[in-house]
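*Asks:* Model the following, please.
(one chain, ligands or ions: 1)
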Amino acid sequence: MSFNREEDEVLNFTSSEDVAVYPSFESMDLKPSLLKGIYAYGFEAPSAIQSRAISQIISGRDTIAQAQSGTGKTATFSISMLEVIDTKARDVQGEYNALARVWIFLISSQYFFFRVYKMILCIFLRLKQASYEGTFTEMTRF
Ligand SMILES: Nc1ncnc2c1ncn2[C@@H]1O[C@H](COP(=O)(O)OP(=O)(O)OP(=O)(O)O)[C@@H](O)[C@H]1O
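*Replies:* Model (predicted):
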């Protein structure tokens with residue numbers, strides 16, 4: 001499902017009291033290279049769930065975030081993961097637990113894998129400042 005900014009802006013959220021709302025990616029104090037990747041990927045501002053959840057995850061707080069389909073949850077954990085990993089370290093630092101998405105695998109596994117793969121790969125490549133035209137065919141070469 002594609003992201004709809006107008007619908008996102010009128011979503012009602014309930015969160016823990018000390019959850020701040022960050023109106024921009026800059027205000028989250030993300031790595032400059034990650035910010036560059038996010039903007040190069042085409043995101044101008046965080047969605048409602050990203051405004052709330054990214055800062056919680058990167059601060060190391062155990063976070064449960066729930067929102068409607070297409071509101072930016074996948075991007076929330078992708079961006080958070082890219083912020084906290086040390087790109088120089090060679091060990092595994094992040095894991096995506098796909099079990100929670102079993103129903104999506106049953107419906108459209110290829111589409112799901114493509115989306116997660118595309119988002120993480122594109123942001124990571126932009127982070128590495130690689131020049132890249134994002135089509136599925138080109139991505140499969142990496
Ligand atoms: N801040 C943003 N600005 C613009 N587009 C965004 C933003 N965040 C996410 N998107 C786009 O919105 C779409 C849905 O995002 P995402 O897959 O992260 O949502 P989701 O909540 O995980 O959806 P689902 O529950 O269906 O898996 C994607 O095309 C993504 O690129």
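*Asks:* ok, now which ones touch the spatially closest residue to Met28 that is not a sequence neighbour?
*Replies:* The shortest distance from Met28 to any non-neighbouring residue, by CB to CB, 6 or more residues apart in numbering, is to Tyr22 (4.8 Å). Heads up, the C-betas are built off the backbone N, CA and C, glycines and all. By CB atoms under 8 Å, 6 or more residues apart in numbering, Tyr22 lies in contact with Met28, Pro46, Ser51, Arg52, Ile54, Ser55.
*Asks:* Can you tell me how far the closest residue to the ligand within the chain is from Arg90?
*Replies:* As assessed by CB to the nearest ligand atom, the ligand sits closest to Phe3 within the chain, at 2.9 Å. Counting by CB to CB, to the nearest Å, the gap from Phe3 to Arg90 is 34 Å.
*Asks:* who has more neighbours, these two?
*Replies:* A count of neighbours by other CB atoms under 10 Å puts Phe3 above the other of Phe3 and Arg90, at 13 against 6.
*Asks:* Quick check: residues of the chain near the ligand?
*Replies:* Contact residues, the chain versus the ligand (CB under 6 Å from any ligand atom): 1-3, 43, 46-47, 50, 69-75, 115.
*Asks:* pLDDT value on the residue nearest to Met28, please?
*Replies:* Looking at Tyr22, its pLDDT reads 96.
*Asks:* how close does it sit to Ser55?
*Replies:* 6 Å.
*Asks:* sorry, back to before: so which of the residues of the chain next to the ligand belong to helices?
*Replies:* Gln50, Lys73, Thr74, Ala75, Arg115 (DSSP state H).
*Asks:* ok now do the closest residue to Ile58 other than its chain neighbours, which residues does it touch?
*Replies:* Nearest non-adjacent residue to Ile58, counting by CB to CB, 6+ apart: Glu83, 4.8 Å away. Shown in contact with Glu83 (CB under 8 Å, 6+ apart): Leu30, Lys31, Leu34, Ile54, Ile58.
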